[in-house]
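*Asks:* okay, here's the prediction I keep looking at, along with the sequence it came from:
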Amino acid sequence: GLKLIANVTYGYTSANFSGRMPCIEVGDSVVSKGREALEKAVKTIHDHPTWGGRVVYGDTDSVFVLLKGRTKAEAFDLGEEMARVISLQSPKPMKLKFEKVYLPCILQTKKRYVGYMWETREQAKPVYDAKGIETVRRDGIPATVKILEKTLRILFQSSDLSLVKSYVQAQFRKILS
């Protein structure tokens, strides 16, 4: 609820032309408080003596933490602990929610990532989840979308670059013929 109120307040006040109640100072304060909370969370994660996590991406409402060498079960344990610790140090009613584990995952750039998503410990099969990349954009060529998604699935399932290379070469041969 707090996130929704902050997003709506920002939307109403920060846009000069499309905002309904332009007030840059209010919009900037929403962004400032979000940035402050993010920086505290990042510091807590980096400074913790046993987590061994490294924040590889963070924006106004999410944090991606690399837990190199950890299992899926360990990632769930640590993610839940991180959310609990950061929530306790945040002013009420702010609360960090642990949502999911991506294993494996490719983080391309801001708001552009793909991976196998695990939302619960008991989940038997991961869900292929892509945000902002060519496989989910509507301005791409269908062949590119299909080849890229299949390439990523082969990589995630096998971790074998030679299989990825063989698949891509076969697709290029089809295109050339």
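*Replies:* All right, it came through fine.
*Asks:* what segments of the protein are helices?
*Replies:* Along the chain, the segments classed as helices by DSSP state H run 2-14, 24-47, 72-89, 142-158, 161-176.
*Asks:* could you dump the ones you listed to a markdown table with mean pLDDT, mean neighbour count and distance to Gly58?
*Replies:* Placement of C-beta: from N, CA and C, glycine included. Shown next, in a markdown table, are these (pLDDT from 0 to 100; neighbours: other Cβ atoms under 10 Å; distance: least, Cβ to Cβ, whole Å):
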| stretch | mean pLDDT | mean neighbour count | distance to Gly58 |
| --- | --- | --- | --- |
| helix 2-14 | 75 | 15 | 15 |
| helix 24-47 | 87 | 15 | 5 |
| helix 72-89 | 96 | 16 | 12 |
| helix 142-158 | 94 | 15 | 23 |
| helix 161-176 | 96 | 11 | 29 |
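*Asks:* among these, which comes closest to Leu107?
*Replies:* With distances scored as Cβ to Cβ, the stretch of the helices of the chain nearest to Leu107 is helix 142-158 (12.9 Å).
*Asks:* what does that closest one rub up against?
*Replies:* 104, 106, 114-116, 128, 130, 133-135, 160-161, 163-164, 167-168, 171, 175 (Cβ atoms under 8 Å, 6 or more residues apart in numbering).
*Asks:* identify whichever of the helices of the chain lies nearest to Val55.
*Replies:* helix 24-47 (4.7 Å).
*Asks:* starting at the chain centroid, how far to the closest one?
*Replies:* How far helix 24-47 lies from its chain's middle: 17 Å, per Cα atoms, centre = their mean, to the nearest Å.
*Asks:* which residues sit in contact with the residue nearest the centre of the chain?
*Replies:* Centroid-nearest residue in the chain: Phe64, 5.7 Å away (criterion: Cα atoms, centre = their mean). Contacts for Phe64 (Cβ under 8 Å, 6+ apart) come out as Val55, Val56, Tyr57, Gly58, Tyr102, Cys105, Leu107, Tyr113.
*Asks:* just put the residues you listed in CSV and tack on pLDDT and neighbour count.
*Replies:* CSV is the format used below for those (pLDDT from 0 to 100; neighbours: other Cβ atoms under 10 Å):
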residue, pLDDT, neighbour count
Val55, 95, 16
Val56, 94, 12
Tyr57, 89, 15
Gly58, 86, 18
Tyr102, 96, 18
Cys105, 94, 16
Leu107, 92, 15
Tyr113, 93, 19
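*Asks:* out of the residues you listed, which is nearest to Ala73?
*Replies:* Closest to Ala73, out of all of the contacts of Phe64 and judged by Cβ to Cβ, is Tyr102, at 14.6 Å.
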